[in-house]
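Colleague: need a structure here:
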Amino acid sequence: MLGAIEAGGTKFVCAVGDEKGNIVDRVQIPTTIPEETIGKVIEFFQGHSIKAIGVGSFGPIDVDRESRTYGYITSTPKPGWRNYPFVQTLKDALALPVGFTTDVNAAALGEVTLGAATGVDSCLYITVGTGIGAGAVVHGQILEGLSHPEMGHILIRRHPNDSYQGKCPYHHDCLEGLASGPAIEERWGDKGVQLADRAEVWDLEGYYLAQALMQYILILSPKRIILGGGVMKQQSVFTAIYRYLPEFVQNYISLPELPDYIVSPGLGDNAGITGALILAQHALDA
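Modeller: Residues are numbered from 1 along each chain as shown. Sure thing, here's the model as predicted:
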C-alpha cells in the first residue's frame, strides 16, 4: 500500500491506496499549525503499513533536489508554515521515501494517468477556487525547473468595464487577483454559488480565464486542458471560455474542438489525492 497527502491551505486529505487510485482509507485534517496538523497526519499513517508517501502541497514549495531547502513550504503567507521542512519531517517520523510536488502538479499527474487526459502525453491542470494554480505534465513528466509553475499570477488585460482593483496581496490585478473565488465574492458582493444565475459574472470570469489559457497554450502547447476547483463547477464559465478563446487567438494557431480540449477533471475532486498516490509509487521506484 501507498500513502498520499493532498495538503491544502484549509485542510489536509490523507489516504492509503495504490497507484491505480484505489483508496482503502482516507481522513481529512484541518490545516492549523504544523505541529498539530502534521502530528495528526503522521499518526494516521503510523496506523497503516505503507511503502512510500506522495505529497501534493500548497505552495510555494522548494522542488529543487539540489537545494538545501528542498521539500520545504517556503514563502506562503499562511501563519506558521513559512519555511516549514515538510518532506524531512515526514521522513524523520516515518522512514519512508517521499515524493513531493505541488497540489496542482499532483492533480495533473493523476489526470494524465487515470483521468481526463489519459491517452495524451501532456496536459495542463488548472484549479480556480480560493486561489488559482496550475500544474503541467509534459511528455509524461511533471513540469518543474527553477521552481514549479505559478500560473495563477500572470498579468492579463483588464476588461474595459471592470473597475475592481484586484484581490491578490502581491500583484493586485493578476489573474488570481481578478478571477479567483474571493475576487468574485468581493467584486459582486456574494459567493459564487449564490451568483449562479448572474450571466455577467461568469462571462467576465470566462473573459479572464480565456486570456490566461491563450498564454498557456502558446507557451506550453498542452494536448489537453483540465479546469477544476470550485469556480469551475459553474458550467457557464466553460461556455464563456469557448466563446472568448478563439477571439483572442485570432486563428494564429489552430485550436482543437474546445469542448473536447478544455474539460472538467475526469477524477473529479479526487485528482489531487490520486496523483499523490502515483507520486508515491514514483518515489518507491526511484
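Colleague: what about residue 195, neighbour count?
Modeller: Other residues near residue 195 come to 18 when the count uses other CB atoms under 10 Å. C-beta: built from backbone N, CA, C; applies to glycine.
Colleague: which non-adjacent residue is nearest it?
Modeller: Closest residue to residue 195 in three dimensions, ignoring its sequence neighbours and counting by CB to CB, 6 or more residues apart in numbering: residue 201, at 4.8 Å.
Colleague: Specify the next element, helix or strand, located C-terminal of the strand or helix carrying that neighbour.
Modeller: Secondary structure from DSSP states H and E places residue 201 in helix 199-220. Taking DSSP H and E as the definition, the helix or strand that follows helix 199-220 towards the C-terminus is strand 225-228.
Colleague: Can I get the very next helix or strand once past that following strand in CSV, CA atoms only?
Modeller: Along the chain past strand 225-228, the next helix or strand (assigned with DSSP H and E) turns out to be helix 235-249. C-alpha atoms of helix 235-249 as CSV (Å, rounded to 0.1, in the frame of the first residue of the first chain):
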residue,chain,number,x,y,z
GLN,A,235,-20.6,25.4,-16.4
SER,A,236,-21.3,28.9,-17.7
VAL,A,237,-17.6,29.6,-17.3
PHE,A,238,-16.8,26.9,-19.8
THR,A,239,-19.3,28.3,-22.3
ALA,A,240,-17.7,31.8,-22.0
ILE,A,241,-14.2,30.4,-22.4
TYR,A,242,-15.2,28.5,-25.5
ARG,A,243,-16.5,31.8,-26.9
TYR,A,244,-13.7,34.1,-26.0
LEU,A,245,-10.6,31.9,-26.6
PRO,A,246,-10.9,31.9,-30.4
GLU,A,247,-11.5,35.7,-30.4
PHE,A,248,-8.2,36.1,-28.5
VAL,A,249,-6.2,33.6,-30.6
